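*Asks:* sequence first, then the predicted structure:
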Amino acid sequence: MQRTVSQRVVHSRFYQDCDAIGFASIGDNGMVVVLNAKDGIVQGQLEYPLIHRGDIADSVACVLAEHYSSAKPPRTVLVPAP
């Protein structure tokens, strides 16, 4: 039996250079994920595990402040809305 693994490329003409922020939590455990797109193609992702205390905006803001302290943010940052 052969198994083929392929990389899927998603291209967007609307979101050329942007970061898309995702958030999930179970109890006090949370995770913020930053997907980075350049020229409309997702280039990579960074994951930030955290202790979540119930306020999504605070959790995401803390992570983004740290994330962008050493890197210039793109023109567009897509953030989760409750």
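*Replies:* Now that the structure is in, tell me what you want to look at.
*Asks:* from here on, just use CA atoms for contacts and neighbour counts.
*Replies:* OK.
*Asks:* who touches the one helix or strand C62 maps to?
*Replies:* Counting by DSSP states H and E, the element that carries C62 is helix 56-67. For helix 56-67, the surrounding residues in contact (Cα atoms under 8 Å, 6 or more residues apart in numbering) are F23, V32, Y48, L50, H52, R53, P82.
*Asks:* can you point out the buried residues in it?
*Replies:* Neighbour-count burial for helix 56-67 flags I56, S59, V60, V63, L64 (criterion: 16 or more other Cα atoms under 10 Å).
*Asks:* ok, back up a step: keep only those of the contacts of helix 56-67 that are in strands.
*Replies:* Residues of those located in strands (DSSP state E): F23, V32, Y48, L50.
*Asks:* for the strand or helix carrying Q43, output the C-alpha coordinates as CSV.
*Replies:* Assigned by DSSP H and E, Q43 belongs to strand 41-51. Extracted C-alpha coordinates of strand 41-51, given in CSV (Å, rounded to 0.1, in the frame of the first residue of the first chain):
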residue,chain,number,x,y,z
ILE,A,41,-0.2,32.1,0.5
VAL,A,42,0.0,30.9,4.1
GLN,A,43,3.7,30.8,4.9
GLY,A,44,3.7,29.4,8.5
GLN,A,45,2.1,29.4,11.9
LEU,A,46,3.1,30.1,15.4
GLU,A,47,1.4,28.6,18.5
TYR,A,48,1.2,30.2,21.9
PRO,A,49,-0.1,28.1,24.7
LEU,A,50,-1.4,30.1,27.7
ILE,A,51,-3.5,30.0,30.8
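*Asks:* for K38, give the beta-bridge partners.
*Replies:* On the basis of DSSP bridges, K38 is bridged to I41.
*Asks:* tell me where the model's unsure across the chain.
*Replies:* Applying pLDDT under 70 to the chain flags residues 1-15, 82.
*Asks:* repeat the analysis, applying 80 as the threshold.
*Replies:* The chain contains residues with pLDDT under 80 at 1-16, 40, 81-82.
*Asks:* the residue nearest to the spatial centre of it: what's its closest spatial neighbour, skipping adjacent residues?
*Replies:* By Cα atoms, centre = their mean, the chain has its centre lying nearest to V34, at 1.9 Å. Closest residue to V34 apart from its sequence neighbours, by Cα to Cα, 6 or more residues apart in numbering: I21 at 4.7 Å.
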